[in-house]
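**Q** What would the 3D arrangement of this be:
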Amino acid sequence: YINDKIIGRGDKVSQRRCYVYLFITGCLWGIIGYFVKILENLGSSATYSAFLRMFLGFMVLFTYCVLTEGYRAFKVSKKTMISCMMIGIFSQGLYNLTYNLAIERIGVSYSAIILNISPLFTTVLSAVFFKERVQRCKQIGITINIIGCLLTVLSSFSERGSTIIPIGFLFAFITAVCYAACPIFGKLTDERDSALAVATYSAFFASLFLVILNPVKEVINPLDIKILLVGFMFAVFTTGIADVFYYAGVKNIEDSSKVPVLASSSLFVSAILSVIVFKENINLLKLIGLMMVFISIIYINKDKR
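**A** Numbers count the residues shown, from 1 in each chain. The predicted model follows:
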């Protein structure tokens, strides 16, 4: 009886630790906009900033994977490699590029809110490709999500003297679709393969994709020490450390429906940074839209039990 109690208590502590890991991951993802803005001010382009995050992040993840799991972790199946390629090109490469472009045009808070409607697209894509049933709680969540998204877009028109460029919302929507496709591509991976190796391969393919776009063409001095230093910190915090915490949390969490809810802490971190650091306005419509998007994430990922 005592042993059962100790084991049970240990399980609770372990789950609590997983929740903390995922919350930290969300917070680290929430500072992406901060680094993008800093790099923009230093003379970097959206493409070059995305490349720095992916390539330097790949180096960090590769080193960590070798140290913790060894080179054998990179021996993955053919279908896992295809999945990594798709995740790298769409859910990492294109995702980072369009997210950076959105931040430059509509700001950090708007981009973060639109990005977090991705559960809506994931639900739709899962229903189309995997014939997953859209339960009532998901239907409610999707409805709330759409309303929150519309309020967020409409709030931009109520800002006086706004410098928002409408095409930024299109980039943000593309970002949300790319992010939503990640779980869809992830279903192709072999469960026996290392999740950390999958993250490393994905960052590698994302780097290749961004190299093809010639990321340095719009940067006056791509080897500027300030840009490289900030880019390295960008990669370490939002890709290296964030991914390590993410996979450590996801690997051991019992209720996977809590993963996107905990990771959505990025939404609030981005909103807080946008106000405190970048002096962006949070009007009533935007605030309501933000809260509705967060509530929709809870509903869409609600455990059917």
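**Q** Tell me who's in contact with residue 151.
**A** Counting by C-beta atoms under 8 Å, 6 or more residues apart in numbering, residue 151 touches 285-286, 288-289, 292. Just so you know, the C-beta spots here come from the backbone N, C-alpha and C atoms, and that holds for glycine as well.
**Q** Which ones among those lie within helices?
**A** Mapping the contacts of residue 151 onto helices (DSSP state H) picks out 285-286, 288-289, 292.
**Q** What's the PyMOL syntax to select whichever of those residues are buried?
**A** Remark: buried members of the ones in helices among the contacts of residue 151, expressed as a PyMOL selection using 16 or more other C-beta atoms under 10 Å:
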select buried, resi 285+286+289+292
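**Q** ok, the ones in helices among the contacts of residue 151 vs residue 149, which is closest?
**A** residue 289 (6.9 Å; C-beta to C-beta).
**Q** which SS state does residue 44 fall under?
**A** coil (DSSP: H, G, I helix; E, B strand; the rest coil).
**Q** Next up, identify which helix or strand the residue nearest to it when sequence neighbours are not counted is on.
**A** Nearest residue to residue 44, sequence neighbours excluded (C-beta to C-beta, 6 or more residues apart in numbering): residue 227, at 5.2 Å. Taking DSSP states H and E as the definition, one finds residue 227 inside helix 225-235.
**Q** List the buried residues for that helix?
**A** For helix 225-235, by 16+ other C-beta under 10 Å, it's 227, 230-232, 234-235.
**Q** between those residues, which is closest to residue 205?
**A** Once C-beta to C-beta is applied, the member of these that ends up nearest residue 205 is residue 235, at 15.8 Å.
**Q** The closest residue to that closest one other than its chain neighbours: what's it in contact with?
**A** Counting by C-beta to C-beta, 6+ apart, residue 235 lies nearest to residue 56, which is 3.4 Å off, once chain neighbours are set aside. The contact partners of residue 56, by C-beta under 8 Å, 6+ apart, come to 231-232, 234-236, 239.
**Q** just residue 197 next, same as before
**A** 65, 69, 73-74, 76.
**Q** Not counting sequence-adjacent ones, nearest residue to it?
**A** Here the residue nearest residue 197, using C-beta to C-beta, 6+ apart, is residue 73, at 4.4 Å.
**Q** Tell me if I'm right that that neighbour and residue 196 touch.
**A** Yes - here residue 73 lies in contact with residue 196, judged by C-beta atoms under 8 Å, at a distance of 6.6 Å.
**Q** list residues touching both of those two?
**A** Shared contacts of residue 73 and residue 196, defined by C-beta under 8 Å, 6+ apart, are found at residue 65.
**Q** The two - which one has more neighbours?
**A** With neighbours defined as other C-beta atoms under 10 Å, residue 73 and residue 196 compare such that residue 196 has more, 22 against 17.
**Q** What strand or helix carries the more buried one?
**A** helix 195-212.
**Q** And for residue 104?
**A** helix 95-106.
**Q** and the next helix or strand after that helix with helix 95-106, angle?
**A** Proceeding C-terminally, helix 95-106 gives way to helix 108-115 as the next helix or strand, assigned by DSSP H and E. Interaxial angle, helix 108-115 versus helix 95-106 (axes from the mean of the first three to the mean of the last three C-alpha atoms, to 10 degrees): 130 degrees.
**Q** one step back: and the helix holding residue 196, how far out from the chain's middle?
**A** From the chain centre to the centre of helix 195-212 is a distance of 15 Å (C-alpha atoms, centre = their mean, to the nearest Å).
**Q** What mean pLDDT does that helix get?
**A** Mean per-residue pLDDT for helix 195-212: 94.
**Q** List the buried residues in it.
**A** Quick answer for helix 195-212 (16+ other C-beta under 10 Å): 195-207, 209-210.
**Q** cool, stretch 167-184 as well?
**A** 168-184.
**Q** Now the helix or strand that contains residue 40: buried residues?
**A** When elements are assigned from DSSP H and E, residue 40 belongs to helix 32-42. Across helix 32-42, burial judged by 16+ other C-beta under 10 Å covers 32-39, 42.
**Q** Show me which of those is closest to residue 246.
**A** Among the buried residues of helix 32-42, residue 32 lies closest to residue 246 (C-beta to C-beta), at 13.7 Å.
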